[in-house]
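> Could you look at this predicted model? Sequence included:
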Amino acid sequence: MTPIAITMGDPCGIGPEITLKACADPRRTAPVVVVGDVDVLARADRIAGTRLTIRPVTSVDQATFAPGTVDVLTGNGLPPDLPWGTLDARAGAASFEYVRRGIRLALTDEVRALVTAPINKEALRLSGVAYPGHTEILADLSGTTDYAMMMATDELRVVLVTVHESLRTAIDAITTARELDIIRLTHRTLQRGGLPAPRIAVAALNPHAGENGLFGREDLDIIAPAVRAARSEGIDASGPWPADTVFMRARAGAFDAVVAQYHDQGLIPVKYLGLEHGVNITIGLPFVRTSVDHGTAFDIAGLGTADHTSLLTALRHADRLSAQAPHRP
């Protein structure tokens, strides 16, 4: 029985709490192992009221998956006085190590998918980790160059051309080659997910898709050629469509996915549908990886009130995707 690994995220955030709540939820069906800190999880168990047995193991094959028990692959112990809801370099370093170990487990097929609870980018930076987020860590440590972030709900799928960079630099990073790579990757991912002929809409960068150059030429000169090239390869891609309506059309069933040009263009419509229903899927990796659609929520960390629905949704997607294409999405 090959499990799914959950990395518990930043120890000072809500990650430990929602990890245990997801493990305790009767709707969870897949076997899991947690990569994290036993003492932090024990504290989280007390505040969450999950009443689970936190069982440290040194390898996946030691896991028992017994009811009422969470098998934890633990790293170096954290200080017992590490406070909830604070930025801490020690927490940033620990969260990075959990992800690094999870990647190794996935690459060696010891787990069939990786689900990540939220990390904190500032805590990573305080610890000396230079990566801006999960996506970049996963790609670099797995040796992946062709990858992208997909945000998905049951109603909408969105893939980003650019991710964690300023709007000014994101615009400069949008090239015809990059655009075409993302369309191709989206097409392959949806096919592997069970859609033989996915319909991909490409969102425009400028208002009204640039109004034929009146509001900027990027849509004409950069994005449209990529769409034409994709279509010449047999991909059902269309656009660039005005971004203020394309997501609504996709949600209504006109498209199977939307390629968005920058972070907020794509994430606002997904998150508006409800953080608890969204899941972050890194496509292009040599293993299945999903994540929650929210951050560390330091303001409610340690209170026992965090909602674990997004993590449960991420587990459900990881279970389905890894069952369809074991180990290699």
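Thanks, I have it.
> How about the secondary structure of Val202?
Recorded secondary structure, Val202: strand (DSSP: H, G, I helix; E, B strand; the rest coil).
> Can you tell me the element the closest residue to Val202 other than its chain neighbours falls in?
Nearest non-adjacent residue to Val202, counting by C-beta to C-beta, 6 or more residues apart in numbering: Gly239, 3.4 Å away. Every C-beta, even on glycine, is put in place using the N, C-alpha and C of the backbone. Assigning secondary structure by DSSP states H and E places Gly239 in strand 236-241.
> Dump that strand to PDB, restricted to CA.
Taking Å, rounded to 0.1, in the frame of the first residue of the first chain, the C-alpha atoms of strand 236-241 are listed here in PDB:
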ATOM      1  CA  ASP A 236      -7.500  22.900 -29.300                       C
ATOM      2  CA  ALA A 237      -6.300  26.300 -28.100                       C
ATOM      3  CA  SER A 238      -8.000  29.600 -28.600                       C
ATOM      4  CA  GLY A 239      -7.500  33.300 -27.800                       C
ATOM      5  CA  PRO A 240      -6.200  35.500 -26.500                       C
ATOM      6  CA  TRP A 241      -9.600  36.200 -24.900                       C
END
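> Okay, now the sheet partners of it, with direction.
Strand 236-241 sits in its sheet next to strand 199-203 (parallel), going by DSSP bridges.
> from memory Gly33 sits against Ser59, does it?
Quick fix: residue 33 is Val, not Gly. No. Between Val33 and Ser59 there is no contact under C-beta atoms under 8 Å: 9.5 Å.
> Those two: which is more packed in?
Here Val33 and Ser59 are compared on neighbour count by other C-beta atoms under 10 Å; more neighbours surround Val33, at 25 against 10.
> shared neighbours of Val33 and Ser59, anything?
Taking C-beta atoms under 8 Å, 6 or more residues apart in numbering as the contact rule, Val33 and Ser59 both touch Leu73.
> Could you name the helices and strands sitting against the longest helix anywhere in the chain?
Counting residues, the longest helix found in the chain (DSSP state H) is helix 89-107. Packing contacts for helix 89-107, counted by 3 or more C-beta pairs under 8 Å, 6 or more residues apart in numbering; DSSP states H and E, involve strand 4-7, strand 32-36, strand 113-116, helix 121-126, helix 134-141.
> one more time with 6 Å
Using 3 or more C-beta pairs under 6 Å, 6 or more residues apart in numbering; DSSP states H and E, the elements in contact with helix 89-107 are strand 4-7, strand 32-36, helix 121-126.
> Could you point out which residue ranges in the chain have low pLDDT?
For the chain, residues meeting the criterion pLDDT under 70 lie at 75-76, 275-276, 324-329.
> Helices of that one, residue ranges please.
15-24, 38-48, 89-107, 121-126, 134-141, 167-173, 176-192, 218, 224-232, 243-251, 263-272, 309-324.
> Of those, which is nearest Gly302?
helix 38-48 (6.0 Å; C-beta to C-beta).
> got a list of contacts for the closest one?
If you take C-beta atoms under 6 Å, 6 or more residues apart in numbering as the criterion, helix 38-48 is touched by 11, 16-17, 20-21, 52, 54, 56, 72, 74, 78, 302, 304.
> same deal with stretch 73-87?
By C-beta under 6 Å, 6+ apart, stretch 73-87 touches 11-12, 33, 35, 37-38, 40, 56, 94, 97, 122-123, 298, 301-302.
> list the contacts for the residue nearest in space to the middle of the chain?
Centroid check for the chain by C-alpha atoms, centre = their mean gives Asn280 as the closest residue, at 2.9 Å. Shown in contact with Asn280 (C-beta under 6 Å, 6+ apart): 151, 291, 293.
> Tell me the spacing between Ala152 and Arg27.
Ala152 sits 18 Å away from Arg27, going by C-beta to C-beta, to the nearest Å.
> between those two, which one's more packed in?
Ala152 (22 against 9).
> How far does stretch 148-162 stretch from one end to the other?
Distance between the two ends of stretch 148-162: 8 Å, counting by C-alpha to C-alpha, to the nearest Å.
> For that stretch, buried residues please.
Within stretch 148-162, the residues that count as buried by 16 or more other C-beta atoms under 10 Å are 148-153, 156-162.
> Let me have the residues you listed in a markdown table, adding distance to Pro67 as columns.
Below are the buried residues of stretch 148-162 laid out as a markdown table (distance: C-beta to C-beta, whole Å):
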| residue | distance to Pro67 |
| --- | --- |
| Ala148 | 38 |
| Met149 | 35 |
| Met150 | 33 |
| Met151 | 33 |
| Ala152 | 30 |
| Thr153 | 30 |
| Leu156 | 35 |
| Arg157 | 34 |
| Val158 | 37 |
| Val159 | 38 |
| Leu160 | 39 |
| Val161 | 44 |
| Thr162 | 44 |
